[in-house]
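J.: fold the following.
(chains A and B)
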There are 2 protein chains.
Amino acid sequence: MPRNVTIALDAMSGDLGATTAVDAAVSMVRQFDDLSIVLVGDREVLDPLLKGSALTGRKRLSVQHASEIVTMEDAPAQAIRSKKDSSMRVAINLVRDGDAQACVSCGNTGALMAIARFVLKMLEGIDRPAIITSIPNIHGHVQMLDLGANVDCSAEHLYQFAVMGSALSSVVDSKASPRVALLNIGSEDIKGNQQVKETSKLLEESTLNYIGFVEGNEIYMGDVDVVVADGFVGNVALKTSEGVAKLIREYLGQEFKRSLLTKAMALVASPVLKKLGQRIDPRRYDGASLLGLRGIVIKSHGSADAVAMESALKIARLEAKKDLISLLTSHTDAQVLHQGDLHRT
Amino acid sequence: MPRNVTIALDAMSGDLGATTAVDAAVSMVRQFDDLSIVLVGDREVLDPLLKGSALTGRKRLSVQHASEIVTMEDAPAQAIRSKKDSSMRVAINLVRDGDAQACVSCGNTGALMAIARFVLKMLEGIDRPAIITSIPNIHGHVQMLDLGANVDCSAEHLYQFAVMGSALSSVVDSKASPRVALLNIGSEDIKGNQQVKETSKLLEESTLNYIGFVEGNEIYMGDVDVVVADGFVGNVALKTSEGVAKLIREYLGQEFKRSLLTKAMALVASPVLKKLGQRIDPRRYDGASLLGLRGIVIKSHGSADAVAMESALKIARLEAKKDLISLLTSHTDAQVLHQGDLHRT
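T.: A predicted model of the protein is given here:
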């Protein structure tokens, strides 16, 4: 992977403000010699934050001015029309113009999707962008999509998600033939809703390594590389998972706090509990890719701290270095042709 | 609650066999003076299992012979037509005939639903049965439905689930005015799929204590008593939760097994870890109610052991003692009338 990468970082849209974005960027250029980061936002805010740092990689950090900020309240259409100089828009423009190979934003997901789609356009044969992220599982991790971009999907849309998810997994996870599964509520053919049954038929005829249905528990326990769901179901699965993990952490804390004795046990066990905490820390999995666009766009969590934002920046760097878009283009071309064949038969 | 209760227990359909069912029944009649259990199944198998036990409550245990067993492979329609003397069918018949106030089965869910619907019939104004269970959350627990009985639901169906869930929560959890929420992917009005939006409108006009949308994480973290979803989404949420809990238990085990030192830590912390294990033990939450029928039918997990089966039997006892069906009838009548009003406007 000899390629140098420039990432445009929307430095203004996160809940924790520009300082966090600058911290993450500084840490990233220190870690990766091949990485440059353009901090996009109000120069009067960003310049002073960078000034102090006479650090390694300082010359690989630059500022691109943008005078506006897309807020969480801005409707997507409004963000496109009336905030043409927002940090989000300018960051995406840098990708369109080839000045950056990827962009990262913690901002309003709806606006980010709409602006990215408007500015970058969709890949050939893909109707809608999908949100994908990697989720820890018993064998390492699994890629899951869509996580909320599309709430009323057709079988064709799910099919397209499968094609894109497979391409992403082959690139990012270096899997030769990623195992693709459909999220369903039973492994038998008779189960599932209409949408899932139709999608399964399309996938059976495709050249993807389609392994059939998985149930919710198999996201975490199954032998699978890519799990495909519509955005409603995928989002529920993701958010539910966060809730369960939080509940168990809470229970663990409660149990250890019950008495002086259990508090002492907690002290003894604390290195292990800390390790566990790190493994299930959602910040480590921050950074969801908006797939289907003619450019790499990564959504970081709205309340992302520097640790989370670094995770997102690492994903952006990896996808850019491995030239995900070229590979997606060739994958989707091949598969969409195939899909076209299906329709003719 | 002065009422004595008789439960018909399908003793033949669980993976672990009749011994487990008998163990659970024996333990239950020992714990509850007001409880009688009819073990339904092959008399030649069940009689010897009971014979040895000259125990408290022995006379509140009886056997009802049934010569057949519905297997996991039997299609629902086939189970109805060709297994009229199955333990499942006979147990449900006992409820129909008033010889039992509830039945419990670990068998094939599809067959159980179909037979129960065929034998017991639906409540007035309810089109389809829904599966509901209580799930632990930060404030205690929450009732969630549907968990997989209905995969392609209309807004009307979801509305009916909400009415039934609310009634169940008021009875079983003794809530005066259960807070009912719809599972969605965002708290803003603009988010969500068509089905959820339409249901929300119906619920806003209802007399239920409808509190709006919740996201997946709020099942576990939210101030809510009843979470309503279609069977596909609800099932994914439930199964996903099981997967996450299992993964975290696995991680915890791995971390404590890393070295001699961490193994020693595990030894010190083991009472606390055991407590945690109990709190997240799915067997403690076993027993899902099939709601909407003119009788109490509880589904226990296929691989339920005696602990899990006892949980299911306890739910059956509570619903029977509190006369859930009468209360459901009055609730659904009132709400369905109201729904009728909606349609006329």
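J.: using CSV, write out every CA atom in stretch A:182-201.
T.: Output of stretch A:182-201 as CSV, limited to C-alpha atoms (Å, rounded to 0.1, in the frame of the first residue of the first chain):
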residue,chain,number,x,y,z
LEU,A,182,-29.2,-12.0,4.9
LEU,A,183,-30.5,-11.0,8.4
ASN,A,184,-33.7,-13.0,9.0
ILE,A,185,-35.7,-14.5,11.8
GLY,A,186,-35.2,-18.1,11.0
SER,A,187,-32.8,-20.3,9.1
GLU,A,188,-35.5,-22.2,7.4
ASP,A,189,-36.7,-21.1,3.9
ILE,A,190,-40.3,-20.8,5.0
LYS,A,191,-39.5,-18.1,7.5
GLY,A,192,-38.9,-14.4,6.9
ASN,A,193,-40.9,-11.6,5.3
GLN,A,194,-41.5,-11.0,1.6
GLN,A,195,-38.6,-8.7,1.2
VAL,A,196,-36.1,-11.1,2.6
LYS,A,197,-37.4,-14.0,0.6
GLU,A,198,-37.2,-12.1,-2.7
THR,A,199,-33.7,-10.9,-1.9
SER,A,200,-32.6,-14.4,-1.1
LYS,A,201,-33.6,-15.5,-4.6
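J.: residues in contact with it?
T.: A:153-155, A:158-159, A:162, A:203, A:210, A:212-216, A:219, A:227-230, A:233-234, A:237, B:148, B:151-152, B:231-232, B:235-236, B:239 (C-beta atoms under 8 Å, 6 or more residues apart in numbering or on different chains). Using the backbone N, CA and C atoms, a C-beta is placed for each residue, glycine as well.
J.: spell out which parts of the stretch 101-250 of chain A neighbour chain B.
T.: Contact residues (C-beta under 8 Å from any C-beta of the partner chain) of the stretch 101-250 of chain A with chain B: A:136-138, A:148, A:151-152, A:183, A:185-186, A:191-194, A:196, A:215-221, A:229, A:231-233, A:235-248, A:250.
J.: which of these are buried?
T.: A:136-138, A:148, A:151, A:183, A:185-186, A:191-193, A:196, A:215-221, A:229, A:231-233, A:235-248 (16 or more other C-beta atoms under 10 Å in any protein chain shown).
J.: now, which of those residues lie within strands?
T.: A:136-137, A:183 (DSSP state E).
J.: looking at these, which one is closest to A:Ala316?
T.: The nearest member of those to A:Ala316, counting by C-beta to C-beta, is A:Pro136 at 19.7 Å.
J.: touching, that closest one and A:Arg279? I think so.
T.: Yes - using C-beta atoms under 8 Å, A:Pro136 is in contact with A:Arg279, at 7.1 Å.
J.: re the thing from before, save the ones in strands among the buried ones among the residues of the stretch 101-250 of chain A next to chain B as CSV, and put in pLDDT too.
T.: Output for these, formatted as CSV (pLDDT from 0 to 100):
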residue, pLDDT
A:Pro136, 90
A:Asn137, 90
A:Leu183, 96
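J.: tell me the one of those nearest A:Ala130?
T.: A:Leu183 (13.4 Å).
J.: what's the end-to-end length of stretch A:100-117?
T.: End-to-end distance for stretch A:100-117: 17 Å, by C-alpha to C-alpha, to the nearest Å.
J.: what residues sit buried inside that stretch?
T.: Buried, per 16+ other C-beta under 10 Å, within stretch A:100-117: A:100-117.
J.: mind listing the helices for the stretch 101-250 of chain A?
T.: A:109-120, A:155-172, A:194-204, A:218-221, A:231-256 (DSSP state H, counting those that start in this stretch).
J.: just the pLDDT for A:Leu55.
T.: Note for A:Leu55: predicted pLDDT of 68.
J.: so A:Gly165 touches A:Leu291, yeah?
T.: Yes - under the criterion of C-beta under 8 Å, A:Gly165 makes contact with A:Leu291 at 7.5 Å.
J.: mutual contacts of the two, please.
T.: In contact with both A:Gly165 and A:Leu291: A:130, A:132, A:145, using C-beta under 8 Å, 6+ apart.
J.: return the subset of these lying in strands.
T.: A:130, A:132, A:145.
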